[in-house]
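>>> no FASTA, just this:
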């Protein structure tokens with residue numbers, strides 16, 4: 001099979017885990033492929049993905065080979081694959097826009113961005129780089145709250161005529177106007193806001209669906225998350241959290257038997273704990289009523305390495321995008337988006353989304 005050529009906007013912890021994973025599975029057989037939802041997806045394996053362009057704004061990454069940049073500070077995710085050869089692809093300076101929250105200037109450099117003094121490119125320069133690199137798909141990994149930045153890179157993908165995977169909670173695929181533009185251009189888009197492989201959102205959704213199916217009335221619930229990576233530091237600026245909270249909350253509300261009143265559901269990041277690094281700890285509480293109107297409650301604590309937890313999901317999103325490109329399918333990919341993202345254009349239960357995505361992979365479901 002030909003390589004799937006991708007570009008990445010934002011070379012942080014998530015991109016580091018994705019690139020490490022591409023190389024990690026090169027030396028694995030299908031029987032050893034722990035941690036993947038699909039070893040072979042439409043004829044493509046994880047190691048069939050090739051990063052041909054990358055953009056960042058940190059001076060410790062800009063100008064470096066991708067193989068070196070993914071291990072640079074402030075990245076703090078687990079390094080599970082050190083043997084990554086030089087790629088010959090250097091990280092290019094990206095656009096800053098609202099990708100850097102002002103409050104992060106007050107922290108130790110090992111925890112936060114250090115802005116490069118390289119001049120910022122204009123849109124045409126980035127579009128030209130995407131075209132010259134041969135990238136087929138642009139993966140967006142900008143920080144939460146980068147509303148202007150995400151729209152900027154979505155525009156670049158449209159102008160370059162390449163697919164777009166929006167891993168962040170800025171609503172592009174789920175916005176009818178943006179979705180229509182990708183449809184008109186004839187290129188696929190998957191979004192918005194990546195679900196982890198087994199993270200807070202998918203666990204909370206599964207339990208909410210379980211309450212529904214077992215006849216338990218869910219009355220109130222919360223999900224609190226702490227972490228020590230750059231994204232949690234970024235989210236201390238509560239002004240950047242609106243779309244993130246909406247995305248995570250709607251992901252749970254979508255599978256509830258009845259929508260909860262706003263006062264009875266709280267889902268979102270809670271606090272930044274530097275020593276946790278890329279470890280994310282989630283606390284979920286659910287209160288409800290059983291048979292005979294008898295009260296019950298459930299409490300769960302989940303601890304995961306945040307960035308590897310999403311990397312395998314992105315690998316599936318990339319391969320689904322490639323299949324859509326091969327088939328000439330443009331616009332939102334509804335089934336993969338529902339299975340892989342928190343805030344897709346169309347919400348389904350996770351069981352429905354799984355079956356629809358399997359049908360999409362086989363070619364029985366167009367989008």
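That came in fine, so what should we check first? Since the structure is predicted, the reported quantities are computational estimates derived from the model, not experimental observations. Residues are numbered from 1 along each chain as shown.
>>> hey, let's count contacts and neighbours off CA atoms from now on
Noted.
>>> spell out the secondary structure type for residue 20.
On the three-state scheme (DSSP: H, G, I helix; E, B strand; the rest coil), residue 20 is labelled helix.
>>> tell me which residues touch the nearest residue to it once chain neighbours are set aside, please.
In this structure, residue 20 finds its nearest non-sequential neighbour in residue 81, 5.4 Å apart by CA to CA, 6 or more residues apart in numbering. Contacts here follow CA atoms under 8 Å, 6 or more residues apart in numbering; on that basis residue 81 touches 20-21, 23-24.
>>> run a quick neighbour tally on residue 203.
Residues lying near residue 203 (other CA atoms under 10 Å) number 17.
>>> in what helix or strand does it lie?
helix 200-213 (DSSP states H and E).
>>> between the helix or strand that that helix is followed by and helix 200-213, how many degrees?
The first helix or strand that comes after helix 200-213 along the chain, using DSSP H and E, is strand 217-227. Strand 217-227 and helix 200-213 are oriented at 170 degrees to each other (axes from the mean of the first three to the mean of the last three CA atoms, to 10 degrees).
>>> in the sheet, which strands lie alongside strand 217-227, parallel or antiparallel?
strand 265-272 (parallel), strand 279-290 (antiparallel) (DSSP bridges).
>>> I'd like these as TSV, with mean neighbour count and distance to residue 123 appended.
Shown next, in TSV, are those (neighbours: other CA atoms under 10 Å; distance: least, CA to CA, whole Å):
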stretch	mean neighbour count	distance to residue 123
strand 265-272	19	32
strand 279-290	19	35
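>>> tell me which of those strands sits nearest to residue 343.
The closest of these to residue 343 is strand 265-272. By CA to CA, the value is 13.8 Å.
>>> I'd like the average pLDDT over that closest one.
Strand 265-272 shows a mean pLDDT of 93.
>>> stretch 94-107 too?
93.
>>> ditto for stretch 186-206
Stretch 186-206 comes out at a mean pLDDT of 97.
>>> what's the first-to-last distance across that stretch?
End-to-end span of stretch 186-206 (CA to CA, to the nearest Å): 34 Å.
>>> mind listing what's buried in it?
Neighbour-count burial for stretch 186-206 flags 186-197, 199-206 (criterion: 16 or more other CA atoms under 10 Å).
>>> what do you get for stretch 219-230?
Buried positions in stretch 219-230, judged by neighbour count with 16+ other CA under 10 Å: 219-230.
>>> related to what we said a few turns ago, next, the residue nearest to residue 20: phi, psi?
phi -140, psi 100 (degrees, to the nearest 10).
>>> ok, now the one 5 residues further on?
Dihedral angles phi and psi of residue 86 (degrees, to the nearest 10) take the values phi -60, psi 140.
>>> model confidence score at the residue lying closest to it once chain neighbours are set aside, please.
Using CA to CA, 6+ apart and skipping residues adjacent in sequence, the residue nearest residue 86 is residue 67, 5.5 Å away. Note on residue 67: pLDDT of 98.
>>> relative to the whole chain's centre, how far out is whatever helix or strand residue 67 lives in?
According to DSSP H and E, residue 67 maps onto helix 66-69. Chain-centre distance of helix 66-69: 20 Å, with CA atoms, centre = their mean, to the nearest Å.
>>> show me the contact partners of it.
By CA under 8 Å, 6+ apart, helix 66-69 touches 11, 54, 60-62, 84-91.
>>> which neighbouring elements make contact with the helix holding residue 203?
strand 217-227, helix 242-253 (3 or more CA pairs under 8 Å, 6 or more residues apart in numbering; DSSP states H and E).
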